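K.L.:
everything below, folded, please.
(one chain, ligands or ions: 1)
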Amino acid sequence: MALPIEDYALIGDNGTAALVGTDGSIDWLCLPRFDSPACFAALLGTEEHGRWLLAPADEVVACSRRYVDGTALLETTFTTADGEVVLLDLMPTGDGRADVVRRLTCTRGTVRIRHDWVVRTDYGKVRPWVSREHAHGNEVVVAVAGPDKFILRGPRLPHGQRGHHRDEFELSAGDEMTFSTTWVRSWRDVPKPLSFDERIRATAAEQQSWSERSPGTVPHADLVRRSLLTLLMMTHAETGGIVAAPTTSLPEDFGGERNWDYRFCWLRDAALTLESLLGAGYVDEAHRWREWLLRAVAGDPADLQIMYTVDGGRELPERELHHLPGYAGSTPVRIGNGAVSQRQNDVLGEVMIALELARRAGVEESHNSWALQRALVDDLADHWDEPDNGLWEIRGPQRHFTHSRVMVWVAFDRAVKAVEDHGLDGPLERWRELRDRVRDEVLEKGFDSARGTFTQHYDTDEVDASLLTIPLVGFLPGDDPRVLGTIDAVTTDLMHSGLLLRYRTQTGVDGLSGDEHPFLACSFWLVSALAAAGRREQAEELMDRLCDLANDVGLLSEEYDPDRRRMAGNFPQAFSHLALVQAALALG
Ligand SMILES: OC[C@H]1O[C@H](O[C@H]2O[C@H](CO)[C@@H](O)[C@H](O)[C@H]2O)[C@H](O)[C@@H](O)[C@@H]1O
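P.N.:
Sure thing, here's the model as predicted:
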C-alpha cells in the first residue's frame, strides 16, 4: 500500500519525475515524459503495479531525509539496530537520457539490504519480458514491453521471482553500491552505462547554481528556494512546457471521485509559475515558456485551449484506468483531463500578466509574440461576456464567475498598458472602453453591497477564495473597503481549521459528489491579500502556519486535511509552491 502523500519526495530530470518514499521505494515514475504511461505505479495501487525498492531488510529504527543543499538530489538515511545506510536518489539532467540513479553507502556497522525491482508498463497493467543480457562488458537486466525497454544496472543484480526481481545482500561500513534504471525505445540497443560520479557531480552543480540565485532576503527563504526548484523540476527543459504536478489521481477527497491528472501544461498554472519565477528574478524560463506558448497556441485564436500536453499537443482525452485500485481506494484513477475542452475566461488574464512581467524584466517582444497576444485579446473582446467553468474548472453548469470577469479586465488592462507603456501597437481606445465596461459590470453584478463582499458568481451570495486575487492583480487597491469586506467574508465562510477552502462544495456548484479539503494556494493568497491590506501581523502568522505544513523536504501537495493532518491531492503541486513564493515576496 502507498505511503501517506507527505512521505514522498520528488526527484526529476526536467523531462519527467519520480516519487521516492521514506521506505526507499520509488512508487511513481512515468518514462520518458511526465505524461508517459507509468512504469512504477504502486502509488495508485500495490507493489504489483510496479515499484523499485532499495532499503534495509531489517527493521528501520530511524529514517531521515534531505535534499543535498539546493539540489534535487535526495538523501535518505536509514538506521537499523546494526548500522546506518544512506541512499542517494537522483535523475541526472542535461544529457538527453532517461535514467534513475540510486547509490547506497553504508556509513556505520552492517546493514542487510532488500532489493525489489518490479517494472509494469502501461500504468501497472503490463508485465514486461525480462531477461539477463551482456552489454558494454557488463551483465544487465532488461525488461521489454511494447515500445519501452528498461535496463537495470548495478554491481549485483537481482533475480526473477514471480514477476519481481529480488535480492538481499549485506553492506558494511565504507561499502558503496550504485544502481541505475535506464529507459530507451524497445527497438534501440542497450545504451552505454552512465559515468555515475561525473553525472551526479554535474547534475548537483547545475541545480545548485540555479537555486543559489533564489532571493535570500524573503521570509522562509529556504522554503522559497525549495519551491522555486520544485517549479523548475516541473518544467520540461526541452520544450519549455510546465506541468501542474507530476502525478495523477492523488485524491482531493480520500476514497472519493475527485481524482485528476495534472501532468499537463495549464496556461493558468504555467503563467502563475512564471510570475513567481520572474518575481524571484528568473527570466530565462519566461522566454522559453513564451516560445512554448507561441507554438502551442499557433493558429486560430478561437481554438485556444486552457491546457496542452508539455510539447504543446492538444489531445489529452480523459480516460479511467479500471485496473488500478487508486490511492487509498480513491477511484476512478484518471488519465488525460476533460477540463481541456472547457471555457475558462480567466486564462488570458493570467497569461497577459506573466508576459507583461517578462517584458518588464527585459524579455523583448518579438513580432510574433505580440501579434499572438493581440489576436488573443481581440478574440476575447468578442466572447468575454460568456459564462464559463471558472478557474476551478467546475463540472456543473457554466456561470458568470466574478474571478473570471476580473481576469478579463486584467487581459484588457495589460493590453492597454502594453500600448501605453511599451509602445506596442493595438486598438487602444477599444481596449480601454472594454476594460472600463468590464470593471463597471464586476462592481455592479459581482458585488454584494449588503454584505460588503464580492461574490463567487453573478447569481449568488456565496463567496470564493479566488476573490482574494482582486487586489493582487490590481483591480482594486489592497485597502479598498470592498477588498477588506471580501477578505472578511471569505475568512468567515471558507476558513476550516485555520486553512481556506476554495468554495463551499455543499452548494453543488462544481457538479461533483463528495467534499474536499482546504486548497493550499488559496491560503497563500490570503497571506498576500492580508499583506496588501496592511494587515501584516495576521499575514505573517498565517504564512508561518502554512510553511509548517510543508513536509520534511519542503514539499506541498494541492490540499491539506487539517483533521487528519495529511496532505491531499496531486503532489507536489505547482499551484501551492508558486503561491508560497508569491506570498513570501509579498511579505519580503
Ligand atoms: O476540482 C475540479 C478540477 O480539479 C482540477 O483542477 C484543479 O487543478 C488545475 C491544475 O492545477 C487548476 O488549474 C485548477 O484551477 C484546479 O481547479 C482538475 O484538473 C479538473 O479537471 C477538475 O475539474
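
K.L.:
drop to CA atoms for contacts and neighbour counts, all remaining ones
P.N.:
OK.

K.L.:
can you name the residue of the stretch 401-550 of the chain nearest to the ligand?
P.N.:
In the stretch 401-550 of the chain, the residue found nearest to the ligand is Asp510; the distance is 7.2 Å by Cα to the nearest ligand atom.

K.L.:
count the neighbours of the closest residue to that residue other than its chain neighbours for me.
P.N.:
On the basis of Cα to Cα, 6 or more residues apart in numbering, the spatially nearest residue to Asp510 that is not a chain neighbour turns out to be Ile394, at 4.3 Å. The tally of other residues near Ile394 (other Cα atoms under 10 Å) stands at 19.

K.L.:
state the pLDDT value of Ile394.
P.N.:
The score at Ile394 is 96. That number is its pLDDT.

K.L.:
please identify the helix or strand for it.
P.N.:
Here Ile394, judged by DSSP states H and E, is contained in no helix and no strand.

K.L.:
returning to what we had before: who touches the residue of the stretch 401-550 of the chain closest to the ligand in this structure?
P.N.:
Under the criterion of Cα atoms under 8 Å, 6 or more residues apart in numbering, the contact list for Asp510 reads Glu393, Ile394, Arg395, Gly396, Pro397.

K.L.:
try Asp175
P.N.:
Here Asp175 is in contact with Thr105, Cys106, Thr107 (Cα under 8 Å, 6+ apart).

K.L.:
what's the neighbour count on the closest residue to Ser249 other than its chain neighbours?
P.N.:
Here the nearest residue to Ser249 in space, its sequence neighbours aside, is Asn259; by Cα to Cα, 6+ apart that works out to 4.1 Å. When neighbours are counted by other Cα under 10 Å, Asn259 registers 24.

K.L.:
repeat that for His422.
P.N.:
A count of neighbours around His422, defined by other Cα under 10 Å, yields 13.

K.L.:
for it, report the pLDDT, please.
P.N.:
His422 carries a pLDDT score of 95 in this model.

K.L.:
pretty sure the residue of the stretch 401-550 of the chain closest to the ligand sits in a helix.
P.N.:
No. The assignment for Asp510 is coil, going by DSSP: H, G, I helix; E, B strand; the rest coil, so no helix is present there.

K.L.:
follow-up on the earlier one: top of the contacts of Asp510 by number of neighbours, please.
P.N.:
Looking at those with neighbours defined as other Cα under 10 Å, the largest count falls to Ile394 at 19 neighbours.

K.L.:
next, give phi and psi for it.
P.N.:
Ile394 has phi and psi values of phi -60, psi 150 when expressed as degrees, to the nearest 10.

K.L.:
run through the residues that contact Pro4.
P.N.:
Going by Cα under 8 Å, 6+ apart, Pro4 touches Arg566, Met567.

K.L.:
could you pull up phi and psi at it?
P.N.:
For Pro4, the backbone dihedrals (degrees, to the nearest 10) come out as phi -60, psi 150.

K.L.:
return the distance of the residue of the chain at minimum distance from the ligand relative to Asp346.
P.N.:
Closest residue of the chain to the ligand, Cα to the nearest ligand atom: Trp392 (3.4 Å). Spatial separation of Trp392 from Asp346 under the definition Cα to Cα, to the nearest Å is 10 Å.

K.L.:
okay, and the common contacts of those two?
P.N.:
Both Trp392 and Asp346 lack any common contacting residue under the criterion Cα under 8 Å, 6+ apart.

K.L.:
what's the local residue count around Pro317?
P.N.:
A count of neighbours around Pro317, defined by other Cα under 10 Å, yields 13.

K.L.:
pretty sure it sits against Gly336.
P.N.:
Yes. Taking contacts as Cα atoms under 8 Å, Pro317 lies within contact range of Gly336: 4.9 Å.

K.L.:
hang on, Ala583 in a helix?
P.N.:
Yes. When three-state DSSP is applied, Ala583 is found to be in a helix.

K.L.:
surely it meets Leu530?
P.N.:
No. Assessed by Cα under 8 Å, Ala583 is found out of contact with Leu530, at 9.8 Å.

K.L.:
kindly export stretch 574-586 (C-alpha atoms) in PDB.
P.N.:
Listed next in PDB are the C-alpha coordinates belonging to stretch 574-586 (Å, rounded to 0.1, in the frame of the first residue of the first chain):
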ATOM      1  CA  ALA A 574       2.900  23.900  -8.700                       C
ATOM      2  CA  PHE A 575      -0.100  25.900  -7.600                       C
ATOM      3  CA  SER A 576       0.800  25.500  -3.900                       C
ATOM      4  CA  HIS A 577       4.500  26.200  -4.400                       C
ATOM      5  CA  LEU A 578       4.000  29.200  -6.700                       C
ATOM      6  CA  ALA A 579       1.600  30.800  -4.300                       C
ATOM      7  CA  LEU A 580       4.000  30.200  -1.500                       C
ATOM      8  CA  VAL A 581       6.700  32.100  -3.400                       C
ATOM      9  CA  GLN A 582       4.300  34.900  -4.200                       C
ATOM     10  CA  ALA A 583       3.200  35.200  -0.600                       C
ATOM     11  CA  ALA A 584       6.900  35.300   0.600                       C
ATOM     12  CA  LEU A 585       7.600  38.000  -2.000                       C
ATOM     13  CA  ALA A 586       4.600  40.000  -0.800                       C
END
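
K.L.:
against Tyr67, how distant is the closest residue to Glu59 other than its chain neighbours?
P.N.:
Closest residue in space to Glu59, ignoring its immediate chain neighbours: Thr80 at 6.1 Å, by Cα to Cα, 6+ apart. Counting by Cα to Cα, the gap from Thr80 to Tyr67 is 21 Å.

K.L.:
circling back to that earlier point, settle it for me: which of Trp392 and Asp346 has more neighbours?
P.N.:
Asp346 (27 against 12).

K.L.:
so that one makes contact with Gly390?
P.N.:
Yes. In this structure, Asp346 is within contact of Gly390 by Cα under 8 Å, at 6.9 Å.

K.L.:
mutual contacts of the two, please.
P.N.:
Any residue near both Asp346 and Gly390 by Cα under 8 Å, 6+ apart counts here, and that gives His403, Ser404.

K.L.:
for Ala354, the count of nearby residues, please.
P.N.:
By other Cα under 10 Å, the residues close to Ala354 number 26.

K.L.:
gap between it and Val283?
P.N.:
Taking Cα to Cα as the measure, Ala354 falls 11 Å from Val283.

K.L.:
and what of Ala574?
P.N.:
In this view, Ala574 and Val283 are 18 Å apart by Cα to Cα.

K.L.:
who has more neighbours out of the two?
P.N.:
Neighbour comparison, Ala574 and Val283: the larger count goes to Ala574, with 31 against 19 (by other Cα under 10 Å).

K.L.:
quick check on that one: phi, psi?
P.N.:
The phi/psi pair for Ala574 (degrees, to the nearest 10) reads phi -60, psi -40.

K.L.:
with Glu257 instead?
P.N.:
For Glu257, the backbone dihedrals (degrees, to the nearest 10) come out as phi -100, psi 0.

K.L.:
I'd say it and Asp515 touch.
P.N.:
No. With contact taken as Cα under 8 Å, Glu257 and Asp515 are classed as non-touching, separated by 9.5 Å.

K.L.:
what about those two, which has more around it?
P.N.:
A count of neighbours by other Cα under 10 Å puts Glu257 above the other of Glu257 and Asp515, at 20 against 14.

K.L.:
need the pLDDT of the more buried one.
P.N.:
So, for Glu257, pLDDT stands at 94.

K.L.:
residues in contact with it?
P.N.:
With Cα under 8 Å, 6+ apart as the criterion, the residues that contact Glu257 are Pro251, Ser330, Thr331, Pro332, Ser513, Gly514.

K.L.:
thanks a lot, see you next time.
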